[in-house]
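Engineer: only the shape, not the letters, is given here:
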Ligand code: FES
């Protein structure tokens with residue numbers, strides 16, 4: 001099973017793709033696959049989980065151009081997992097879930113700055 005993640009952002013606000021060849025995880029949710037990668041292959045991969053039952057939408061990722069709850073959608077060979085909005089990326093598929101202030105974006109407005117707050121400009 002091949003899984004591709006859109007990762008980032010870099011300090012310049014850029015993203016990149018990284019692919020993983022996994023054992024067959026048929027029947028596993030997208031969240032399970034992200035968790036497997038993070039725990040067994042690449043501890044630097046970030047993902048977010050909360051209820052694991054499709055109730056809270058904290059785990060939403062973009063799959064084939066549509067926002068989906070990662071904990072209830074099954075992964076498949078060739079899947080590409082993207083953040084819902086690259087502009088709101090904190091890390092990998094984890095995005096800012098609130099309404100960011102203008103000062104929380106980088107100077108080019110391209111990406112969310114982790115740890116930024118009002119008056120940090
Ligand atoms: S973790 Fe709550 S909907 Fe997926």
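Structural biologist: Now that the structure is in, tell me what you want to look at. Here the structure is a predicted model, which is why all the values come from computation and not from measurement.
Engineer: can you show me the strands along this protein?
Structural biologist: In the chain, strands defined by DSSP state E lie at 2-7, 16-21, 60-63, 66-69, 79-82, 89-91, 94-95, listed in chain order.
Engineer: tell me the contacts of the residue most central in space within the chain?
Structural biologist: For the chain, the residue nearest the mean C-alpha position is residue 93 (0.5 Å; CA atoms, centre = their mean). When contacts are counted by CB atoms under 8 Å, 6 or more residues apart in numbering, residue 93 touches 5-6, 34, 46-48, 61, 70, 81-83. Quick note: C-beta positions are derived from backbone N, CA and C, even for glycine.
Engineer: name the nearest residue to residue 85, sequence neighbours excluded.
Structural biologist: Nearest residue to residue 85, sequence neighbours excluded (CB to CB, 6 or more residues apart in numbering): residue 95, at 5.8 Å.
Engineer: need the contact list for residue 36.
Structural biologist: Applying CB under 8 Å, 6+ apart to residue 36 gives the contacts 22, 25, 28.
Engineer: look at the residue nearest to the first one when sequence neighbours are not counted and report its pLDDT.
Structural biologist: When you say that, I think you mean residue 22. Among residues not flanking residue 22 along the chain, residue 1 sits closest, at 4.8 Å (CB to CB, 6+ apart). According to the prediction, residue 1 has pLDDT 94.
Engineer: now swap in residue 98 and tell me
Structural biologist: Note for residue 98: predicted pLDDT of 74.
Engineer: mind telling me the two of the contacts of residue 93 farthest from one another?
Structural biologist: Farthest pair in the contacts of residue 93 (CB to CB) is 6 and 48. Separation: 14.9 Å.
Engineer: contacts for stretch 8-25, please.
Structural biologist: Contacts of stretch 8-25 (CB under 8 Å, 6+ apart): 1-7, 32-33, 36-37, 41-42, 75, 80, 86, 89, 91-92, 106, 108, 110-111.
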